[in-house]
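Engineer: Coordinates for the following, if possible.
(one chain, ligands or ions: 1)
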Amino acid sequence: MNKTLIRDALVVLPSGPQVTSVLIEGRRIAAIDPALHTHADEVVSAAGLWLLPGVIDDQVHFREPGLTHKEDLATASRACAKGGVTTYLEMPNTKPTTTTVERLAEKLALAATKSLVNFGFYIGATPDNVAELKAAQRTPGIKIFIGSSTGDLLVDSQEALERIFAETTLPITAHCEDESIVRANAARFAGVNDPAVHSRIRDHEAAMVATRRALDLAFRHRHRFHVLHVSTAAEAELLADHRGLITGEACPHHLFFSVDDYARLGTLIQMNPSIKTRADNEALWRALLEGRLQVVATDHAPHTLEEKAKPYPSSPSGLPAVENSLALMIDQVQRGRCSLAQVVSWMCDAPARVWDLVGKGRIELGYDADLVLVDPHKTAVVRNAEQETKCKWSPWDGVELTGWPVRTWVLGREVFRDGRINTEVRGEEALFDHARGGFWATA
Ligand code: DOR
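Structural biologist: Numbering: from 1, shown residues only. The predicted structure is shown next:
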């Protein structure tokens, strides 16, 4: 079995960061010991570098099948490898949508041939596919668009929502923006082409009303529920009352961009839920630091620059982020805003626990050797031309960040090293053990 010894890195263990050595044997972590001097096929001298569990991004849109002019599983997973993301959980708003067990199996089979990193796919809810949602097994959970976004998935009727929460057992997650509020606001601002109006159409109230509605469903039906892309201070407050059922997540664009950035970035930061105010940015950071939000994930949602250049509101919502999210967060560690252990908790351990992932999210004996080595002092500027994502742009173009992934391993195989991607590597289908009961049951 192939052995790789990573020596003397600052390794982020479940107990905290510690300088030690890690032995990879085959696809697993076989030993963790500062005095390791065993024979290995490769020895990596990692003094001064940080070794983290590979990032688990539980919210991405990789566009295959059907929208592959924007992205596909090969380009997206290359971006993951570069960004230190070793497992992704992908959303069902592809073409066709992932709303049946059969389509889920098709996506899994496609990813097995194309994806350089590990993968999982949500099954999407429709107003009348409860039988499929009940039959689905190889999935992290059910995604509901309680408000519509890119694509035509939408479950807005109370009756259909009640049925889904009552009759299914898989964990549920949702896009929470209230459809009727958004439509009324859109009518009010019809004809306005300034992209900044997007945040007045998809306003604070739309997000809050839908999140409150989803939490009410989850509490009454005692159903596990994960709130995606929390964008407002008020929602973050609500999530303090989790009752062992609720978890929530923040995305880099809601942590780093505010309505003040529309003047500079225009439709590039047009997102659903919309970008909010600086006060919301600060409140989301506080909620992460205080544990009211548990996960940081990207909502990587690529569109071409040509599509983004259409005048608002013809321009689509969404931005790519998967290859820069870890660097964005490590840069914040270097600026003193949060700790390395917190970043690992938000991006690796917590998503693994929320979705009951088997063998992932930690550097621990017997766990999968999904690892990322970070050079904490490497400084680089994000450049559109250097992006692996097929859409070839980033809203962080021109931004200098300190602390970058330099090597990534997926199941013990090196998939990224110093700017080069090994396109021979393939990830595997992630396994979910939902009997574990999610984040709070494993706290
Ligand atoms: O802005 C967004 N774009 N939000 C979503 O929820 C979907 C995504 C997309 O798929 O483009």
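Engineer: near the ligand, which residues of the stretch 101-250 of the chain show up?
Structural biologist: Residues of the stretch 101-250 of the chain lying close to the ligand (Cβ under 6 Å from any ligand atom) are 149-150, 175. (C-beta placed from N, C-alpha, C; glycine too.)
Engineer: Can you flag which of the residues you listed belong to strands?
Structural biologist: residue 175 (DSSP state E).
Engineer: Buried only: go through the residues of the stretch 101-250 of the chain next to the ligand for me.
Structural biologist: Neighbour-count burial (16 or more other Cβ atoms under 10 Å) is assigned, among those, to 149-150, 175.
Engineer: In TSV, list those along with pLDDT.
Structural biologist: Below are these laid out as TSV (pLDDT from 0 to 100):
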residue	pLDDT
149	77
150	79
175	96
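Engineer: of all those, which comes closest to residue 37?
Structural biologist: For these, the minimum distance to residue 37 (Cβ to Cβ) is 50.9 Å, reached by residue 175.
Engineer: Now do the contacts for the closest residue to the closest one other than its chain neighbours.
Structural biologist: Distances taken as Cβ to Cβ, 6 or more residues apart in numbering put residue 145 closest to residue 175, at 4.7 Å, once the chain neighbours are dropped. Taking Cβ atoms under 8 Å, 6 or more residues apart in numbering, we find residue 145 in contact with 93, 124-125, 151, 153-155, 174-175.
Engineer: before we move on, what about residue 437?
Structural biologist: 224, 356.
Engineer: Then the one 5 residues further on?
Structural biologist: Residues in contact with residue 442, defined by Cβ under 8 Å, 6+ apart, are 353, 436.
Engineer: for it, phi and psi?
Structural biologist: Main-chain dihedrals, residue 442, degrees, to the nearest 10: phi -110, psi 10.
Engineer: now swap in residue 259 and tell me
Structural biologist: With angles defined as degrees, to the nearest 10, residue 259 sits at phi -60, psi -20.
Engineer: Count the neighbours of it for me.
Structural biologist: Neighbour count of residue 259, defined by other Cβ atoms under 10 Å: 17.
Engineer: ok, and the closest non-adjacent residue to it?
Structural biologist: Nearest to residue 259 is residue 199, by Cβ to Cβ, 6+ apart, at 5.1 Å.
Engineer: And what about the one you found, helix, strand or coil?
Structural biologist: Per DSSP: H, G, I helix; E, B strand; the rest coil, the secondary structure class of residue 199 is helix.
Engineer: wait, isn't it in contact with residue 273?
Structural biologist: No. Counting by Cβ atoms under 8 Å, residue 199 stays clear of residue 273, with 9.2 Å between them.
Engineer: Of the two, which one has the most company?
Structural biologist: residue 273 (31 against 21).
Engineer: OK, contacts around the more buried one?
Structural biologist: Applying Cβ under 8 Å, 6+ apart, we find residue 273 in contact with 175-177, 202, 206-207, 229, 231, 254.
Engineer: Ok, residue 10 next?
Structural biologist: 17-19, 49-51, 340.
Engineer: If you rank the residues you listed by neighbours, which is first?
Structural biologist: Of the contacts of residue 10, with other Cβ under 10 Å as the count, residue 51 tops at 25 neighbours.
Engineer: still on that earlier bit, per-residue confidence for the residue nearest to residue 175?
Structural biologist: In this model, residue 145 is scored at 94, pLDDT.
Engineer: Could you check which residue of the stretch 1-150 of the chain lies nearest the ligand?
Structural biologist: Nearest residue of the stretch 1-150 of the chain to the ligand, counting by Cβ to the nearest ligand atom: residue 150, 3.2 Å away.
Engineer: Pretty sure residue 66 is one of the things that residue touches, is it not?
Structural biologist: No. Under the criterion of Cβ under 8 Å, residue 150 is not in contact with residue 66, lying 11.9 Å apart.
Engineer: List of residues touching stretch 123-142?
Structural biologist: Looking at what lies outside stretch 123-142 - Cβ under 8 Å, 6+ apart - the contacts are 58, 89, 91-93, 97-101, 104-105, 108, 120-122, 143-145, 153, 155, 157, 160, 163-164, 167-173, 226, 355-357, 429-430, 432.
Engineer: Buried ones from those residues, can you make that a ChimeraX selection?
Structural biologist: This is how ChimeraX selects the buried members of the contacts of stretch 123-142, with burial counted by 16+ other Cβ under 10 Å:
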select :58,89,91,92,93,97,98,99,100,101,104,108,120,121,122,143,144,145,153,155,160,163,164,168,170,171,172,173,226,355,356,357,430,432
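Engineer: Of the contacts of stretch 123-142, which belong to strands?
Structural biologist: Under the assignment DSSP E, these contribute 58, 89, 120-121, 143-145, 172-173, 226 to strands.
Engineer: how about residue 288, what does it touch?
Structural biologist: With contact taken as Cβ under 8 Å, 6+ apart, residue 288 is in contact with 250, 296, 338, 342, 346.
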